[in-house]
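Engineer: coordinates only, sequence not included:
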Ligand code: ADP
Ligand code: NI
């Protein structure tokens, strides 16, 4: 099983080689580490969690639109590693439920899925989350902040996917919402600290914007 994990790491490193939008292989490796810790604390199946964590963005909507619905790259890779059909299905199922879709976001129906989703969301908040948001904003030529554009709350999946706004609004439209969406007790504790870090940062940002402090 260790060999499959190592092969998967090599595969994702190749897959994300030219990715600079905040979705690089280091994101995958951080999610892998967080998910591993959560799986141990929550007593979830470690192998399933680790494989799903490593592969969760391979067929991502933004990075690989064509294979997003079928998760074909993930399926083909797991098949090449000799994994049986049932195990492949269970990993694809976890990945299907991971992503943030506004008010259409899913609560995973397996403990393993909950660990992977929590790990992915933990990496979107806190100090790293702040860095990733600005990296995304720069990569996609987004306006940093415009106080005349209010954040749009309660978006469904389609609205969220097509929505273009400022990077600061992204904090209110997604990042600040994630703490309350954590599934596992272990992740809730980490999220609470990371939420605090983001709030402190945002307070400072808005004060500096007004020329205060
Ligand atoms: P994930 O890997 O968690 O599924 P996404 O694909 O939604 O995340 O986005 C990748 C990273 O880019 C995350 O850190 C996310 O917060 C950030 N991001 C996504 N959309 C925006 C946006 N509109 N503005 C700023 N950052 C964004
Ligand atoms: Ni991710």
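Structural biologist: In hand now; what should we look at? What you see is a predicted model; the values in this text were computed from it and never measured. Ligands and ions are numbered 1, 2, ... in the order given.
Engineer: C-alpha from now on. contacts and neighbour counts both.
Structural biologist: Noted.
Engineer: quick one: buried residues of stretch 104-113?
Structural biologist: The neighbour-count check on stretch 104-113 (16 or more other C-alpha atoms under 10 Å) flags 108, 111-113 as buried.
Engineer: which two in the residues you listed are spaced the farthest apart?
Structural biologist: 108 and 112 (8.4 Å; C-alpha to C-alpha).
Engineer: anything in contact with each of those two?
Structural biologist: Taking C-alpha atoms under 8 Å, 6 or more residues apart in numbering as the contact rule, residue 108 and residue 112 both touch residue 94.
Engineer: roughly how far does the residue lying closest to residue 61 once chain neighbours are set aside sit from ligand 1?
Structural biologist: Leaving aside its chain neighbours, residue 61 sits nearest to residue 68 (5.3 Å; criterion: C-alpha to C-alpha, 6 or more residues apart in numbering). Here residue 68 is placed at a distance of 12 Å from ligand 1 (C-alpha to the nearest ligand atom, to the nearest Å).
Engineer: neighbours around the residue lying closest to residue 34 once chain neighbours are set aside, how many?
Structural biologist: Using C-alpha to C-alpha, 6+ apart and skipping residues adjacent in sequence, the residue nearest residue 34 is residue 119, 5.3 Å away. Number of residues near residue 119 (other C-alpha atoms under 10 Å) recorded here: 29.
Engineer: for the residue nearest to residue 61, report the pLDDT, please.
Structural biologist: The model reports residue 68 with a pLDDT of 93.
Engineer: gap between the strand or helix carrying residue 28 and the chain center?
Structural biologist: In the assignment (DSSP states H and E), residue 28 maps to helix 25-42. Distance of helix 25-42 from the chain centroid (C-alpha atoms, centre = their mean, to the nearest Å) equals 11 Å.
Engineer: next SSE after it?
Structural biologist: helix 46-55.
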